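Visitor: Next one to model:
(2 chains)
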Amino acid sequence: MTRILGWLAILGLLAGLVMGFGVAPRELTQGNVQRIMYLHVPSVWVAYLAFAIVFVASLVYLARRAPGADRLAHASAEVGVLFTGITIASGAIWGKPTWGTWWTWDARLTSVAILFVLYVGYLLVRTMVDDPERGARYAAVVGIVAALDIPLVHFSVYWWRTLHQPPSLIKPGAPTMPPEILVALLVNFVAFTLLYAYFVVKRVWLLEREQEALA
Amino acid sequence: MMRDNWSFVVAAYGLAAVLLGGYWRRLVRGERRLSTPAGRSPRTR
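Guide: Coordinates of the predicted model:
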């Protein structure tokens, strides 16, 4: 099953590349550099998804002390950090030719940087406490508190004046982009979500085996 | 209209490929390590 998920993720990523580079048209104002969007936007979507799952799994862990929920939160946080890193890096690379700068301390970029640091902290908390049960409990609290930054990241472009553009897709109402661009973006959303699922399933399995080996 | 800036596109996708590929490889290595009996290298199987 995991293997099938892995192959589906690879096929999805290949389809996403074909859609992003072969089917979607060259954007009129930004030119081909806009194609970074097919990497940047699905990455931040996966980061949101990953951290939302950390939030729910952390609540379940605190309520029921279920080790499976803790493993899911741990795996999801790790994969979420990876995709947040990709979001920040691809955004900086996209920002240089379009905004003229790699980085600016506007509300969107700063809140994403805080999100990254919060979840790196979440992973560090687990390693800093000797008792695994206590470490899991502390991490669950961090996982719940850190999730408060997710709406802050998403709505920062509405609440403050930012250099970053407002959301193109995850917003109320119908998308305003041309259909070819929208379809290419949606294919990449699916591909990145499959990749996230594959990574999390595999990481949860590894965490389970590691805990069995230590027991 | 802006220049195409293909080098930025290649850099963004290349960096993402390295990070995702690296993590994937780490998971596969971990899986191999944990499914190998202690004291036996995966290469000798």
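
Visitor: Centre of the chain to the longest helix that chain A contains, how far?
Guide: Criterion DSSP state H: the longest helix present in chain A is helix A:179-214. Relative to its chain's centre, helix A:179-214 lies at 10 Å (Cα atoms, centre = their mean, to the nearest Å).

Visitor: Say whether chain B is contacted by it.
Guide: Yes: using Cβ under 8 Å from any Cβ of the partner chain, we find that helix A:179-214 touches chain B at A:195, A:199, A:202-203, A:205-206, A:209-210, A:213. From N, CA and C alone the C-beta is placed, and that goes for glycine too.

Visitor: which one of those sits closest to A:Ser58?
Guide: A:Arg203 (16.1 Å; Cβ to Cβ).

Visitor: ok, back up a step: now the residues of helix A:179-214 next to chain B as TSV including neighbour count and pLDDT?
Guide: Converted to TSV, the residues of helix A:179-214 next to chain B look like this (neighbours: other Cβ atoms under 10 Å in any protein chain shown; pLDDT from 0 to 100):
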residue	neighbour count	pLDDT
A:Leu195	25	98
A:Phe199	26	97
A:Lys202	22	96
A:Arg203	23	97
A:Trp205	17	95
A:Leu206	19	95
A:Arg209	15	92
A:Glu210	14	89
A:Ala213	10	84
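
Visitor: Greatest separation within these: which pair is it?
Guide: So for the residues of helix A:179-214 next to chain B, where distance means Cβ to Cβ, the most widely separated pair is A:Leu195 and A:Ala213, at 26.9 Å.

Visitor: what residue lies at the spatial centre of chain A?
Guide: A:Ala47 (1.3 Å; Cα atoms, centre = their mean).

Visitor: just checking, it touches A:Leu115?
Guide: Yes: between A:Ala47 and A:Leu115 there is a contact under Cβ atoms under 8 Å: 7.3 Å.

Visitor: and for these two, which residues touch both?
Guide: A:Thr84 (Cβ atoms under 8 Å, 6 or more residues apart in numbering or on different chains).

Visitor: what about the helices in chain B?
Guide: Under DSSP H, chain B gives helices at B:6-35.

Visitor: Could you pick out the residues of it near chain A for me?
Guide: Checking chain B against chain A by Cβ under 8 Å from any Cβ, the hits are B:1-6, B:8-9, B:11-13, B:15-16, B:19-20, B:23-24, B:27, B:30-31, B:34-35.
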